[in-house]
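1. Sharing a model prediction with you, sequence too.
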Amino acid sequence: MKYRHVTLRNLFLRTTLVVLAAFLFTLAPANSRLAFAQDDSPWKGGEPPPAQPRETPLPEEQNIVERAMTAVCSERARDPLGSIPIDVMQARPSMPLSHPDAVAGLKRAERLLPAAKELVIASLRDLSNEYNIEDMRVRAAAARVLAVDKIEPDVELRDNASVMLSTPRTVYFGTIFLAGLQSDEGMISVLAHELTHIADGKEDSLHPLFRLVGRRASTLTGMHIAGRRPEELTCDLVGAMVSRAYITRTPGKETLARRLSRAIEHNCVEEDGTDEAHLSPRNTMRALLSLDPTLGSEIMEDPLITFKLVEPSNAPAKSTQTPTRRPRRVMPRTRTRT
Ligand SMILES: [Zn+2]
């Protein structure tokens, strides 16, 4: 054993450091919620910095989100009009255009298109107010949404829907997807997702919004949401908002929990795989339920759950800089899984 000479001065210094460390450790949990709300990270991409306290959601909130997901998927399983989960759709053989379920799905999509357009524009206005997006961008986005007038069924697209920048008035729908979304609430949510891509257009009008939504979702969930994922997530968020607004304007006998679940329940997969552009289906649900906590509490029919992860006053500040122009996409956005 080696004898270590410890002077009184060193001992004092060490003791001070230990006390200081213990003090800071005690303060950390109290500060973490505040840190969530002030998402002003200088991080601009790449791997997220490790061990950032604000990127670690509180266990209580995580637990509520997980319970809400379970409630959504349980509701889906009981619902005769429940959406087919994406992984189940993926495993199905191609479906011809003439299949009665695909024909019914196309009729549903065409019937809902006018309401979807109107509600997408309203939702984009709400989000843009919340995130301080320039009005000019929202007006351009709204004009593109209003111009959409066609749903094109497509056997090859299978369980996907997509839009193409070269044909900005058309939403393409795989026949398996048309057949798999069996409720108005499920269909209008996916329609709204695609319309939000169209709203962004060639000009990337909504990219500042996408970035801010992605950043907030990262803060709330601790997930790394970069690349095209913020756009896809925002499209899903608009889908959920539109579905909720549609439910409000079309009261019926079914429970609110059942109808709201339909907006996101196609994400109730067993095989939770993904690609570069999307969060996995279950992580998409996690992010949506974190961004919109009232959605989860309404689905769980639990009025006691009124938590709010981020206060409105702490919404990300308006960017006063003109966004950096990025090279125009060469490829159209095809096969956009929703
Ligand atoms: Zn998409």
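-> Alright, I've got the coordinates.
2. Count the neighbours of Ala109 for me.
-> By the criterion of other CB atoms under 10 Å, Ala109 has 24 neighbours. For every residue, glycine as well, the C-beta is placed using N, CA and C.
3. Quick check: it is in a helix.
-> Yes: under DSSP: H, G, I helix; E, B strand; the rest coil, Ala109 falls within a helix.
4. Checking the nearest residue to it once chain neighbours are set aside next. Helix, strand or coil?
-> Spatial nearest neighbour of Ala109, chain neighbours left out: Ile151 (4.6 Å); criterion: CB to CB, 6 or more residues apart in numbering. Three-state call for Ile151 (three-state DSSP): strand.
5. ok, then the element right after the strand or helix carrying Arg169?
-> Per DSSP states H and E: Arg169 is located in strand 167-174. Using DSSP H and E, the helix or strand that directly follows strand 167-174 along the chain is helix 175-180.
6. contact partners of that next one?
-> Identification of contacts with helix 175-180 by CB atoms under 8 Å, 6 or more residues apart in numbering yields 83-84, 88-89, 92, 94-97, 99, 101-102, 104-106, 108-109, 153-155, 157-161, 190, 266, 338.
7. Met300 versus Val213, what's the distance?
-> 23 Å (CB to CB, to the nearest Å).
8. Those two - which one has more neighbours?
-> A direct count of neighbours by other CB under 10 Å for Val213 and Met300 places Val213 higher, at 26 against 18.
9. so what's Glu185 up against?
-> Going by CB under 8 Å, 6+ apart, Glu185 touches Ser243, Tyr246, Ile247, Arg259, Leu260, Arg262, Ala263.
10. if you look at these, which of them are in helices?
-> Residues of the contacts of Glu185 located in helices (DSSP state H): Ser243, Tyr246, Ile247, Arg259, Leu260.
11. which bits of the stretch 151-300 of the chain sit near the ion?
-> Glu232, Cys235 (CB under 5 Å from the ion).
12. what residue ranges in the stretch 151-300 of the chain score low on pLDDT?
-> By pLDDT under 70, the stretch 151-300 of the chain contains no weakly predicted segment.
13. For the stretch 1-150 of the chain, just list every one of the strands.
-> For the stretch 1-150 of the chain, applying DSSP state E, counting those that start in this stretch gives strands covering 150-154.
14. Give me the residue ranges of it where confidence is low.
-> Scanning the stretch 1-150 of the chain for pLDDT under 70 picks out 1-58.
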